[in-house]
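A.B. asks: predicted coordinates and the sequence they were generated for:
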Amino acid sequence: MSFHVRRKEREITDPDEMRMVLKATKYVTVALCMDGEPYLVSLSHGYDQTRNCLYFHCAPEGKKLVYAKANPRVWGQAVLDFGVTDECDYAYISVHFQGTLSLITDPAEKKHAMEALVRQVSLNPEAKLAKIKPEKLDKTTMGRIDVTYMSGKKHQAPKNLK
């Protein structure tokens, strides 16, 4: 089933602009579904533009992993919120994405994933990355969402945002 943006003047069609939102946000909200039961979770993430995927870390067990194992297809949303304008409108950019969630087992990709995540969410990423020991990273559960579809919408977003 395909839908369209009702307010065409707000639709984002430029993939680079949508990728910028995934790179600029610190959190995404992801919907999973198992046996007809939805589950919604917010994740801190790192977006890799080259691989068009989001990386996250989590506990080695829990609801999101049970849901993902049953059904790896996800739908997610990233929002840049600029608040209420002087005209009492709401200024935002939002990107919705569809993808497939998988867990990472390859040590080199885990390291890459953690670097992407820390660089996106940390104010001092290099200092944080220097503290991560390989043996700790080996025990860390890391996931990847391969993005297969994106759509975007914006209203009065700042023009200088890149």
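C.D. replies: Cool, the structure landed.
A.B. asks: from now on I want contacts and neighbour counts done on CA atoms only, so please keep to that.
C.D. replies: Will do.
A.B. asks: gap between the longest helix along the chain and the chain center?
C.D. replies: Ranked by number of residues, the top helix in the chain under DSSP state H is helix 107-121. Put simply, helix 107-121 sits 13 Å off its chain's centre (C-alpha atoms, centre = their mean, to the nearest Å).
A.B. asks: other residues contacting that helix?
C.D. replies: Helix 107-121 is contacted from outside by 23-24, 26, 44-48, 55-57, 104, 125-126, 128-129, 137-138, 142, using C-alpha atoms under 8 Å, 6 or more residues apart in numbering.
A.B. asks: mind listing what the residue positioned nearest the centre of the chain touches?
C.D. replies: Relative to the mean C-alpha position of the chain, the nearest C-alpha, by C-alpha atoms, centre = their mean, is the one of V28, at 4.5 Å. V28 makes contact with 42-45, 76-79, according to C-alpha under 8 Å, 6+ apart.
A.B. asks: so V95 touches D81, yeah?
C.D. replies: No. If you go by C-alpha atoms under 8 Å, V95 and D81 don't touch, sitting 11.7 Å apart.
A.B. asks: who has more neighbours, those two?
C.D. replies: Shown here are V95 and D81; by other C-alpha atoms under 10 Å, V95 has more neighbours (22 against 13).
A.B. asks: sorry, back to before: can I get the contacts of V28 in TSV with secondary structure, distance to A108 and pLDDT?
C.D. replies: Converted to TSV, these look like this (DSSP: H, G, I helix; E, B strand; the rest coil; distance: C-alpha to C-alpha, whole Å; pLDDT from 0 to 100):
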residue	secondary structure	distance to A108	pLDDT
S42	strand	25	96
L43	strand	22	96
S44	strand	20	96
H45	coil	18	97
G76	strand	26	97
Q77	strand	28	97
A78	strand	27	97
V79	strand	30	94
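A.B. asks: buried set for stretch 50-62?
C.D. replies: For stretch 50-62, a neighbour-count test (16 or more other C-alpha atoms under 10 Å) marks 53-57 as buried.
A.B. asks: now stretch 33-42
C.D. replies: Those would be C33, for stretch 33-42 by 16+ other C-alpha under 10 Å.
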